[in-house]
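> make a model of this:
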Amino acid sequence: MHARAQYGARCAACSRHSLPVNLLPRRSWSLPAPFLVPAAVRCAVRYDTVRYDTMKPAVRCATPKSATHVCSNLASNGKHLAFAAYSSAVIVKDENAVKGSSAVSNATIIEAEDGALIQQVRWVQLQCTELLVVASSKNLMIYTNGGQRLLHVVTAAGGDAADSPPASFKGIGSCIAGVADYICVGVSTGAVCLVPIPDPQSAAGGSPAFGDSLLSPTSEMPIVDLSANQAPHNDPSRALVCSADAAGQVLVHALEGDGAWQYCCSFTVTTPDETPSMCTSLRMRGAYVYCAYSTGHVRIYDLVSCTIAVQMSAHARWINAIEVHPNGCHFATASEDTTVQIFEMLDGPKVRHSHAVAAPDALLCGVAFSGGIDRTHVSVAAYDVAAVQSWKLE
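From the prediction side, this is the model:
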């Protein structure tokens, strides 16, 4: 029996015979407990572990502050790494991280105003420039890529009442829809904040002209992480925004060139006691969205057929972060079980385990690929540890 019969979705194994006509039809997909792939979709899931390499010992880069225990708490742009440290955002040079030299004296620190807590720090790549986005418990701050100059601030109400406290922001991505750039950020109200840059050329000179922010309804629960990219068939008029909410849903919306916001599909996983399995971190690359879960599982969903492509048990405890290498061929996960797992994505899709390294006595909360433009290293941040650890990929 094919996946179509049980879930109303196409079977990846036979997709060459029945390709979907429309990108991302409106449907929801739910994986029942227990955490075994149903026989109906098992033909679409192929996972093998054929190599287990030991990487060289980690190098340790001392930082002026320690990382907060929030998920997806490390970002890299090949030149710098950044993480949230309570009310601060800490930015260290990439060369310090991969060489293991101290960054205590030359790190850049951004302080949040009014006692706000930094929730996430990420770089976003626009058509003509790169910007640093800092999401906090009170506002959203957009800086030049080195964090030296504040360009724009966005606030949102946390409720309908006039005296409602400000909403918090978490989950950062960017995309192109039509001719405009958009910075997309999740909001605690369940909306996605869209910050448009209607004239991308204005950003080339270092002073982008921001349009009015839009709050697009997405979920009834707070957004915990977000990723955005072009539609899988590279339609320049449409982008996809994938978000995870506090109820465990992974929601996919299309952002049209005219700014229209449209629901496409969703993915929900329930545990054996019928409580949601929380998606703690996600990243979108091409036609797939890579999702890490509180149960230690990794699930990769196909955004064209709206089906699960890969499911595997990657860690013994919560996975706090997942990151995909810029080449799209590798992804890494960091967990509370003190390990980093690195996987290789093959055609099919098929996943091959590549490396596993341990960071003893470290509650890992962030992972990123570092080491210049080629991203030759994997780096991690750990809760209450004033250092970034890095391993060279062999």
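
> what segments of the stretch 51-200 of the chain are strands?
In the stretch 51-200 of the chain, the strands defined using DSSP state E, counting those that start in this stretch lie at 59-62, 75-76, 80-85, 88-93, 108-111, 118-125, 130-136, 140-144, 150-154, 169-177, 180-187, 191-197.

> need those in a markdown table (columns: mean pLDDT and distance to residue 238).
C-beta here means a position set from N, CA and C on the backbone, and glycine is covered the same way. Output for those, formatted as a markdown table (pLDDT from 0 to 100; distance: least, Cβ to Cβ, whole Å):
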| stretch | mean pLDDT | distance to residue 238 |
| --- | --- | --- |
| strand 59-62 | 96 | 40 |
| strand 75-76 | 98 | 26 |
| strand 80-85 | 98 | 30 |
| strand 88-93 | 98 | 32 |
| strand 108-111 | 97 | 33 |
| strand 118-125 | 97 | 18 |
| strand 130-136 | 97 | 22 |
| strand 140-144 | 96 | 24 |
| strand 150-154 | 95 | 24 |
| strand 169-177 | 96 | 6 |
| strand 180-187 | 96 | 12 |
| strand 191-197 | 96 | 14 |
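
> between the ones you listed, which one is closest to residue 251.
When the strands of the stretch 51-200 of the chain are ranked by distance to residue 251, counting by Cβ to Cβ, first place goes to strand 191-197 at 9.1 Å.

> low pLDDT regions in the stretch 151-300 of the chain?
160-163, 234 (pLDDT under 70).

> redo that, cut-off 80
Scanning the stretch 151-300 of the chain for pLDDT under 80 picks out 158-164, 204-206, 233-236, 270-276.

> how near is residue 221 to residue 84?
Distance check for residue 221 against residue 84: by Cβ to Cβ, to the nearest Å, it reads 21 Å.

> list the buried residues of the helix or strand residue 311 falls within.
Here residue 311, judged by DSSP states H and E, is contained in strand 307-313. For strand 307-313, a neighbour-count test (16 or more other Cβ atoms under 10 Å) marks 307-312 as buried.

> direction included, what does that strand pair against?
Using DSSP bridges, strand 307-313 pairs in its sheet with strand 297-302 (antiparallel).

> now the strand it pairs with: how far from the chain's centre is it?
13 Å (Cα atoms, centre = their mean, to the nearest Å).

> same thing with stretch 280-287?
For stretch 280-287, the distance to the chain centre is 6 Å (Cα atoms, centre = their mean).

> ok, residue 246 touching residue 220?
No - with contact defined as Cβ atoms under 8 Å, residue 246 does not count as touching residue 220 (9.6 Å).

> among the two, which residue is more densely surrounded?
Taking neighbours as other Cβ atoms under 10 Å, residue 246 and residue 220 compare with residue 246 leading, 16 against 11.

> ok, residue 221 and residue 84, which is more surrounded?
Neighbours were counted for residue 221 and for residue 84 using other Cβ under 10 Å; residue 84 has more, 30 against 17.

> residue 281 is in contact with residue 318, isn't it?
No - Residue 281 is beyond contact range of residue 318, at 10.0 Å (criterion: Cβ under 8 Å).

> the more surrounded of the two?
With neighbours defined as other Cβ under 10 Å, residue 281 and residue 318 compare such that residue 281 has more, 27 against 19.

> list the buried ones in the helix or strand where that one lies?
Counting by DSSP H and E, the element that carries residue 281 is strand 279-285. In terms of neighbour count (16+ other Cβ under 10 Å), strand 279-285 has its buried residues at 279-285.

> can you redo the residues you listed as TSV with distance to residue 186?
Below are the buried residues of strand 279-285 laid out as TSV (distance: Cβ to Cβ, whole Å):
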residue	distance to residue 186
279	12
280	13
281	12
282	11
283	14
284	14
285	19
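
> what's across from residue 341 in the sheet?
Residues in beta-bridge contact with residue 341 (DSSP bridges): residue 333, residue 356.

> and it, how close does it get to residue 150?
Per Cβ to Cβ, residue 341 is found 37 Å from residue 150.

> got it, and residue 291?
Counting by Cβ to Cβ, the gap from residue 291 to residue 150 is 32 Å.

> more neighbours: which of the two?
residue 291 (28 against 13).

> surely that one forms part of a strand?
Yes - using DSSP: H, G, I helix; E, B strand; the rest coil, the assignment for residue 291 is a strand.

> thought it was touching residue 248?
No - using Cβ under 8 Å, residue 291 is not in contact with residue 248, being 10.2 Å away.

> can you list residues touching both of the two?
Counting by Cβ atoms under 8 Å, 6 or more residues apart in numbering, the contacts common to residue 291 and residue 248 are residue 279.
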